[in-house]
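1. Provided below for reference: sequence and predicted model.
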Amino acid sequence: MNLRIIPLLFLIFIGCKNPEKSSPVIDQSLNITPKPFNITKGKGYFKLNGNTSFLYNDESSKLIADFFIEKIKTSTGHAFSVTKGNDIKNSIQLIKETTLNFSEEEYRLSISEDNIKIKASTDKGLFYGMQTFMQLLPFYTTNSQISFPIKIKALDIEDKPRFSWRGMHLDVSRHFFSADFIKKHLDILSLFKINKFHWHLTDDQGWRVEIKKYPKLTTIGSKRKNADGSYHQGFYTQEEIKEVVQYAKERFIDIVPEFDTPGHAIAILAGYPELSCDQKEYKVRNLWGVESSILCPGKEETYTFIEDVITELATLFPYEYYHMGGDEVPKDQWENSIECQKLKKREGLKDEKEVQSYFMARVEKILSKHHKKMIGWDEILEGGITATTNIMSWQGEEGGIKAANEGHDVIMTPSEYCYFNFYQGDFKTEPLAFGGYIPLEKVYNYDPIPKEIEEDKKKHILGAQGNVWSEYTYKDETIEYLLYPRIIALAEVTWTQKENKKFDDFLNRLNPIYTILDYYKTNHHIPLPEGPTSNTIVFTDSISIPFTTTHPVKMVYTINGTNPTQNSTVYKEPLKFTKTTDLRIASVLDNGKMSSIRKLNVTKEKIISASSKTTELSKGLTMKEVKGYFNTVNDVPDHTNASSSIIKKIEESNTTYHWGHEVKEENFRAVFLDGYIDIPEDGVYYFSSTQDQVWIADQLVLDYKTPLKKHPIESSIALQKGKHKLKIVYLNNIAKGWATDWNTIELKYRKASEVDYKAVNEDMIYH
Ligand code: ACM
């Protein structure tokens, strides 16, 4: 040991002799999320020290004390003692009084100089009181022994939720996520008083729950062979489900299992084709989108199957609500099925929508044998629903409004507010997501009770839920990125009274929440520097580049080719450049955590002269095709000798396009378009496309690089008026569930000074 530091250690020891004097008083009362119903500040403070005890007055609430003591121990290393008793000094008291006139989730947290009291009429109320208390303390911010005492300002919190349904949904069919991952997020969600986890366990792209009576649901239905030959698979054993259910129970979260019927069911038919109308050979779907092969409601075996599966699910999920899907049911097979037509006649059903209503009503009857209530997506309203059916409104709010006004209970999940697989920032800047645009503020300002709901029907809106569909989430981190903090905004939407909500205030409260999320090693979203829609920015003289973020956060940047740190120059106003620059910019949170870094090539270029070959050209481009499945442009064999044709419009290079059509392997190919593009006037031009490569004047302007091409990419180039060589490469395949021929095949352009793109039309292309 270095002897010279011993006196220094001694001084530190002396300095710490009376740490109580120096410890600050914590006043986190403004930092509770979701914002409580009412907070009254008191006088003085409570001193939490190593001798503070936890008291409970009822055996079942001991479990709650134990639960939180364990959490505190994990984060701080300190274990408090838990004892039965009441009203002693220096204690945290869990007081359950079943006679209190409190609603089920209501609690009161009173902090005085003598003790801390959490009162509720249920364990759930006590649990939420403790979750609030935990947010007052620095436990999540430290991984080491806490230094006592912690002084906590006296206050009194009365709190209860606005809605009883505060949910999160996860699709584990398109991509499977482990039981441990689910548990991690149940734990985090419970901090913010989320109380429903909607587990989307079955869909066309994979069946994910073990059913002992139907083993092929998992031996066949849980495995998907992707178009590139790779496999995706996974399911939860019944033991794993029971563990997750127990874990959720300890956190007062109800799980809502979804068994999607009668559509989204080809993973069932892959193992049990006899449950379809046409009994073909089926494969688990390796494309996103909706499968047209579905369960046959005209066969009794279908109901036997559903009853058997529900009987097993009922042993696993001891909950009131079961979600039976009902969304996106293409009914063509039913129209052509002898059994369905017989059923229609027998039951006097007007059309296939009423066939679905008949089917859902039978499913509901099966559920009711197990004392379960049925929820269905809003499509099931089309043919009519039973009086006891509950609706989850996703296509918008209309279904929910209609259902609530008719007296059905409703959960609001309108995609334009609640689909967290949608982008939360500009899709040109954010990592790949499904589509759409739901920034944090839009979620926060959502009101689950639309004005069209009649006064006496408002009670039918049980609450709202954030949904994450997993087509484009290949990793745990991506789910986290999409979820947080938007689900926390939704927690406040569903818990907090409308008049207590303010977005700016919520943003301030996000700062301590980011620290909690870091404690849980959660990859939450940080708004990215937006503005430029491409990372290649060409200019000819000088340029000014403005940046923004979806909600206020600091941005920092460098112009010397190094990555910015939290201490780099702070962005204040549009950045001006007169020479080529390597610009790197990122956002920084108050806790110093940085977003990913945007690297922009701001490039001064001379205008590229037009081609001298401007005569003898004809309209259109030459097209050469090479059949086959190619992941990248480099995989395509030499195509120089392939036969060529002329196309008049760029769109003609995709002969198969229309959304929802059957994607056929015989259409997989590489397409090469060659010719010239006629540029209307001198200037810097931006181009945008979903094609793999676009070359202009022999420069690779657009290079998608990844086989999955869902949204257009953009880039810029300085061009002289006149004709320039143009080459486009387009690979038609299925990449990670997305069929390229669903893309709109076009090339768009705009001048740098313009906002809107125009199509490169038939008057602009020559060969
Ligand atoms: C849904 O998004 N198909 C419910």
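-> Okay, I see it.
2. my guess is Ser644 contacts Gly620, does it?
-> No. Using CB atoms under 8 Å, Ser644 is not in contact with Gly620; the gap is 11.3 Å. Just so you know, the C-beta spots here come from the backbone N, C-alpha and C atoms, and that holds for glycine as well.
3. who's more crowded, the two?
-> In terms of neighbours (other CB atoms under 10 Å), Gly620 is the more surrounded of Ser644 and Gly620; the figures are 19 against 15.
4. Could you tell me which residues make contact with that one?
-> 646-648, 675, 762, 765-767 (CB atoms under 8 Å, 6 or more residues apart in numbering).
5. do that again at 7 Å, thanks
-> 646-648, 765, 767 (CB atoms under 7 Å, 6 or more residues apart in numbering).
6. Residues of this protein that sit close to the ligand?
-> Residues of the chain found near the ligand (CB under 6 Å from any ligand atom) are 327-328, 377, 394.
7. Out of those, name the two that are farthest from one another.
-> Glu328 and Trp394 (10.1 Å; CB to CB).
8. hang on, the earlier thing: buried subset of the contacts of Gly620?
-> The neighbour count (16 or more other CB atoms under 10 Å) marks 647, 765, 767 as buried among the contacts of Gly620.
9. so of those residues, which ones are in strands?
-> Mapping the buried ones among the contacts of Gly620 onto strands (DSSP state E) picks out 647, 765.
10. Out of the buried ones among the contacts of Gly620, flag the one nearest to the ligand.
-> The shortest approach to the ligand among the buried ones among the contacts of Gly620 belongs to Ile647, at 36.1 Å (CB to the nearest ligand atom).
11. Relative to Gln233, how far out is that closest one?
-> Applying CB to CB, to the nearest Å, the value for Ile647 to Gln233 is 41 Å.
12. for Phe163, same thing?
-> Separation of Phe163 from Gln233 (CB to CB): 37 Å.
13. Looking at the two, which one has more neighbours?
-> Neighbour count, other CB under 10 Å: between Phe163 and Gln233, Phe163 has more, with 20 against 14.
14. so how far is Val755 from the closest residue to the more buried one other than its chain neighbours?
-> Nearest residue to Phe163, sequence neighbours excluded (CB to CB, 6 or more residues apart in numbering): Gly463, at 3.3 Å. Applying CB to CB, the value for Gly463 to Val755 is 39 Å.
15. residues in contact with Leu700?
-> Gln693.
16. Kindly recompute the last result at 8 Å.
-> 693-694.
17. Could you list everything it pairs with in the sheet?
-> Beta-bridge pairing for Leu700 (DSSP bridges): Trp695.
18. cool, Tyr321 as well?
-> With DSSP bridges as the criterion, Tyr321 is bridged to Lys373.
19. Looking at Gly463 and Val755, which one has more neighbours?
-> A direct count of neighbours by other CB under 10 Å for Gly463 and Val755 places Gly463 higher, at 24 against 6.
20. Next up, identify which helix or strand that one is on.
-> Gly463 is part of strand 461-468, with elements assigned from DSSP states H and E.
21. right, and the helix or strand after that strand?
-> Under the assignment DSSP H and E, the closest C-terminal helix or strand after strand 461-468 is helix 476-483.
22. got the angle between whichever helix or strand comes after that following helix and helix 476-483?
-> From helix 476-483 onward toward the C-terminus, using DSSP H and E, the following helix or strand is helix 486-495. Angle of helix 486-495 versus helix 476-483, following axes from the mean of the first three to the mean of the last three CA atoms, to 10 degrees, is 40 degrees.
23. Residues in contact with helix 486-495: which ones?
-> Residues contacting helix 486-495 (CB under 8 Å, 6+ apart): 33-35, 161-163, 165-168, 189, 192-194, 418, 420, 424, 438, 440, 443-444, 446-448, 463-466, 501, 506, 510, 513, 525.
24. Show me what counts as buried in that helix.
-> Judged by neighbour count using 16+ other CB under 10 Å, the buried positions of helix 486-495 are 486-495.
25. tell me the contacts of Trp377?
-> Residues in contact with Trp377 (CB under 8 Å, 6+ apart) are 325-328, 391-392, 394-395.
26. So Lys572 versus the ligand, what's the distance?
-> Lys572 is 42 Å from the ligand, where distance means CB to the nearest ligand atom, to the nearest Å.
27. Repeat that for Val671.
-> Separation of Val671 from the ligand (CB to the nearest ligand atom): 32 Å.
28. Dig out what that residue forms beta bridges with.
-> Here Val671 shows beta-bridge partners Glu625, Tyr730, assigned using DSSP bridges.
29. swap in Ile608?
-> Per DSSP bridges, the residues bridged to Ile608 are Leu719.
30. thinking it is in contact with Ile717, fair?
-> Yes. Using CB under 8 Å as the test, Ile608 is close enough to Ile717 to be in contact (7.0 Å).
31. Common neighbours of those two, please.
-> Between them, Ile608 and Ile717 share these contacting residues under CB under 8 Å, 6+ apart: 697, 699.
32. Of those two, which one has the most company?
-> Ile717 (24 against 17).
33. For that one, which three-state class applies?
-> What DSSP: H, G, I helix; E, B strand; the rest coil gives for Ile717 is strand.
34. contacting residues for Pro637?
-> With CB under 8 Å, 6+ apart, Pro637 has these contacts: Val626.
35. start the count at 24, not 1, going forward
-> From this message on, residue numbering opens at 24, which makes the last subject Pro660.
36. and it, what pLDDT?
-> pLDDT, Pro660: 93.
37. Make sure I have this right: it is in a helix.
-> No. The assignment for Pro660 by three-state DSSP gives coil, which leaves it out of any helix.
38. returning to that earlier point: kindly write the ChimeraX command that selects the buried subset of the contacts of Trp400.
-> Burial among the contacts of Trp400 is assessed by 16+ other CB under 10 Å; the matching ChimeraX selection reads:
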select :348,349,350,351,414,415,417,418
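39. For the contacts of Trp400, work out which two are farthest apart.
-> Farthest pair in those, by CB to CB: Glu351 and Ile414, 15.2 Å.
40. excluding its backbone neighbours, what's nearest the residue of the chain found nearest the ligand?
-> Proximity of the chain to the ligand (CB to the nearest ligand atom) peaks at Asp350, 4.0 Å away. Spatial nearest neighbour of Asp350, excluding adjacent residues (CB to CB, 6+ apart): Trp400 at 3.6 Å.
41. likewise Lys774?
-> Gly706 (5.1 Å).
42. which ones are touching the one you found?
-> The contact partners of Gly706, by CB under 8 Å, 6+ apart, come to 630, 741-742, 774-776.
43. Run a quick neighbour tally on Arg369.
-> 10.
44. contacting residues around whichever strand or helix holds it?
-> Taking DSSP H and E as the criterion, Arg369 maps to helix 361-370. Under the criterion CB under 8 Å, 6+ apart, residues 300, 319-322, 356-358, 372, 374-375, 377-378, 381 lie in contact with helix 361-370.
45. again, but for stretch 195-208
-> 191, 193, 220, 222-231, 245, 255-259, 263-264, 266-267, 270, 290, 311, 492-494, 496-497, 499, 502-503, 506, 543, 545, 760.
46. again with stretch 65-80
-> So stretch 65-80 is contacted by 43, 48, 85, 87-88, 91-92, 101, 103-109, 111, 113-119, 134-139, 160, 171-179 (CB under 8 Å, 6+ apart).
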